[in-house]
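**Q** show me how the following folds:
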Amino acid sequence: MLITQQPPLTWLQRERAWVEIDRAALQHNVRQLKHWVGDRVELMAVIKADAYGHGAVTVAQSVLAAGAEWLAVATIEEGGQLREANITAPILVLGAAHTPDQIKALLHWQLQPTLCTMQQAFAFAEVLQSLGRSLPVHLNIDTGMARLGTRWTEAATWAQWVARSPVLQLSSLYSHFATADDPDPTVMQLQHQRFQVVLQQVRSHGLPLPKLHMANSAGILSDRAYHFDRVRAGLALYGLAPAPHLADRLPLRPVLSVKARITQVKAIEPGEGVSYGYRYVADRPTRVAVVGIGYADGVPRNLSNQMQVLIRGRRVRQIGSITMDQLMLDVTDLPEDLMPGEVVTLLGTDGGDQIRAEDWADQLGTISWEILCSFKHRLPRVSVN
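**A** Numbers count the residues shown, from 1 in each chain. Okay, here's the model as predicted:
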């Protein structure tokens, strides 16, 4: 039988496990990036994939308040969710759209699409002409990423056709670096040169240049020559350096922390195993703390027996296989008064110590972007500061 006067489920946000979003840190990062690029360069905040797992609406509101001029998302649906939250800033959709229904949705939500091919431009023009509407569009030029975009050798002709269309408003030309996080700038410089060739060819056709943008977070921090009129900040926005050699360029602050509570503390004897498969066997009398978070929440199972967490500002090792909803810690060396309900920091700062998304990424042989995007929505996002 349900208790009818129970408060809403939001009261449970910090009762098991949760993600904390530090809005003050987020706005600090925006201001640092704005200062770095200068007043003449616009900042586009990339908030695709639910703002890299941070919560798109919360992040959008915070970055716009701190001075970002544009937002970028991957899909029309992501942009529509922001419009439903009454966010009115210009939004670029980075992914490709083709169908009449997608084009109508872009118009409905006042989103600005990326065009990648001449065929796509034809499709947009046909639908828009039939509706008696026009739409700002952004042309993605492939200078070496081999992902979306028209090859740079063909881009000037394509841009000329779009610019002369009565229903397509050429808002920007942009490209994307493939190796901006590499200390060797050779490929990045080549892509930049190719982009400059396209711009020269566009000018030779007598067309005024629209807004230009090319730099992702690593490009922003690498060289101001890559900034053009606008930059697209992703990882740096969330307080993480896109590469170790760029880590000292700006004093960025991590925005996301992951926390959970201890649900049980127990004692086991030497020789007893912990969790599935007994991948850990105690070699001494051990106190085990069970924590209410697991791989269904986004904690990688491959970190089993490798990761550390923070309790009361001290590092504690995780033991045994990480399970779907629980993980176990060796808390033998912590004070005896450790009890259920105590907060465990998986990522973030506690006392004078910090565990970073980069630490997990290094252990797993992956990248920080994947770590941030992995935390499931079973974990509430709680804004702090």
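**Q** so how far is residue 221 from the closest residue in space to residue 250 that isn't next to it in sequence?
**A** The shortest distance from residue 250 to any residue that is not its chain neighbour, by CB to CB, 6 or more residues apart in numbering, is 4.8 Å, and that residue is residue 32. Just so you know, the C-beta spots here come from the backbone N, C-alpha and C atoms, and that holds for glycine as well. Separation of residue 32 from residue 221 (CB to CB, to the nearest Å) stands at 11 Å.
**Q** neighbour-wise, which of those two wins?
**A** It is residue 221, of residue 32 and residue 221, that has more neighbours when counted by other CB atoms under 10 Å, with 27 against 19.
**Q** that one contacts residue 249, doesn't it?
**A** Yes - under the criterion of CB atoms under 8 Å, residue 221 makes contact with residue 249 at 4.4 Å.
**Q** what residues are shared contacts of these two?
**A** Counting by CB atoms under 8 Å, 6 or more residues apart in numbering, the common neighbours of residue 221 and residue 249 are 36, 241.
**Q** quick check: neighbours shared by residue 32 and residue 221?
**A** Common contacts of residue 32 and residue 221 (CB under 8 Å, 6+ apart): residue 250.
**Q** going along the chain, name the strands of the stretch 1-150 of the chain.
**A** For the stretch 1-150 of the chain, the strands defined by DSSP state E, counting those that start in this stretch occupy 17-22, 42-46, 70-73, 91-96, 112-115, 135-142, 150-151.
**Q** quick one, what contacts the residue nearest to residue 117 when sequence neighbours are not counted?
**A** Once flanking residues are discounted, residue 117 sits nearest to residue 150: 5.8 Å by CB to CB, 6+ apart. Shown in contact with residue 150 (CB under 8 Å, 6+ apart): 116, 117, 118, 139, 140, 141, 142, 158.
**Q** okay, residue 205: pLDDT?
**A** Reading off the confidence values, residue 205 has pLDDT 88.
**Q** does it touch residue 156 like I think?
**A** Yes - using CB under 8 Å, residue 205 is in contact with residue 156, at 6.6 Å.
**Q** the two: who's more crowded?
**A** When residue 205 is set against residue 156 and neighbours are counted by other CB under 10 Å, the residue ahead is residue 156, at 21 against 12.
**Q** buried residues, the longest strand along the chain. List them.
**A** Determined from DSSP state E, the single longest strand within the chain is strand 256-268. When burial is assessed from 16 or more other CB atoms under 10 Å, strand 256-268 yields the following buried residues: 256, 257, 258, 259, 260, 261, 262, 263, 265, 268.
**Q** and stretch 140-151, by the same measure?
**A** Within stretch 140-151, the residues that qualify as buried are 140, 141, 142, 143, 144, 145, 148, 149, 150, counting by 16+ other CB under 10 Å.
**Q** how about stretch 283-302?
**A** Neighbour counts over stretch 283-302 (16+ other CB under 10 Å) mark 286-295, 297-300 as buried.
**Q** again with stretch 186-205
**A** Within stretch 186-205, the residues scored as buried using 16+ other CB under 10 Å are 187, 188, 191, 192, 194, 195, 198, 199, 201, 202.
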